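*Asks:* sequence and predicted structure, then a few things I'm wondering about:
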Amino acid sequence: MRKNLEIKIPVDNLNSLRNKIKSYVVSHPVHQHLYENQVDIYYVTSKNARLKLRIINNTSGVLIYYDRNETRKQRTSRFLLSKTEDPAELELILKKFFTVKVIVKKSREIFITDGLRFHLDEVENLGKFLEIELAYEKISSARTRLASLIKYLQLDSKKFINKSYSDLLN
């Protein structure tokens, strides 16, 4: 399974963060910058496990299974991904076996470099957020790198939230 360390924080102004993130990301030789409209359909599963179908720009999708402890503000996840070019058909199949828990709609600006993803999200009925996801092999080095990013972006760790958007909407 893949692993990442992540944080989420509500933000008032995406523009100031966007500029700092762009500066950081473009300083790396390999990077990406994307915009996506996402619909996340969460299904009822066991307590810590989560299953969601993410529909991206109404054209493709990703089925995501993850196991995450939701009690910490810096959360570790173990996850599996499976891409699909026909998310509508997959959604029909999943609805035959699972109950839909909640649907989250958001626009997401994504910056990617070196095992690191910054998400600037505008979530319907919730507001604006920054998520940072850091893939890791060793958790200690991931925590060190995340601490450095938190300092660089001047984030207030007291404002970090330990809930999924699905939990916030429920």
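*Replies:* Looks like it came in fine.
*Asks:* from now on I want contacts and neighbour counts done on CA atoms only, so please keep to that.
*Replies:* OK.
*Asks:* scan the protein for its longest helix.
*Replies:* helix 139-153 (DSSP state H).
*Asks:* next one: it to chain centre, how far?
*Replies:* Relative to the centre of its chain, helix 139-153 is centred 17 Å away, using CA atoms, centre = their mean, to the nearest Å.
*Asks:* who are the packing partners of that helix?
*Replies:* strand 2-10, helix 14-26, strand 127-135 (3 or more CA pairs under 8 Å, 6 or more residues apart in numbering; DSSP states H and E).
*Asks:* among those, which comes closest to residue 47?
*Replies:* For residue 47, the closest of these is strand 2-10, at 18.8 Å, according to CA to CA.
*Asks:* so what strands line up beside the closest one?
*Replies:* Here strand 2-10 has these sheet partners by DSSP bridges: strand 75-84 (antiparallel), strand 127-135 (antiparallel).
*Asks:* who's in contact with that strand?
*Replies:* For strand 2-10, the external contacting residues (CA atoms under 8 Å, 6 or more residues apart in numbering) are 73-80, 127-137, 139, 142-143, 159-162.
*Asks:* what's the angle from it to helix 139-153?
*Replies:* Put simply, strand 2-10 runs at 30 degrees to helix 139-153, going by axes from the mean of the first three to the mean of the last three CA atoms, to 10 degrees.
*Asks:* what average pLDDT does strand 2-10 get?
*Replies:* Average pLDDT, strand 2-10: 95.
*Asks:* distance from it to the middle of the chain?
*Replies:* Using CA atoms, centre = their mean, the offset of strand 2-10 from its chain centre is 7 Å.
*Asks:* buried ones in it?
*Replies:* Using 16 or more other CA atoms under 10 Å as the test for burial, strand 2-10 gives 3-10.
*Asks:* adding distance to residue 40, write those out as CSV.
*Replies:* Output for those, formatted as CSV (distance: CA to CA, whole Å):
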residue, distance to residue 40
3, 20
4, 19
5, 20
6, 18
7, 19
8, 17
9, 19
10, 19
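*Asks:* lovely, talk soon.
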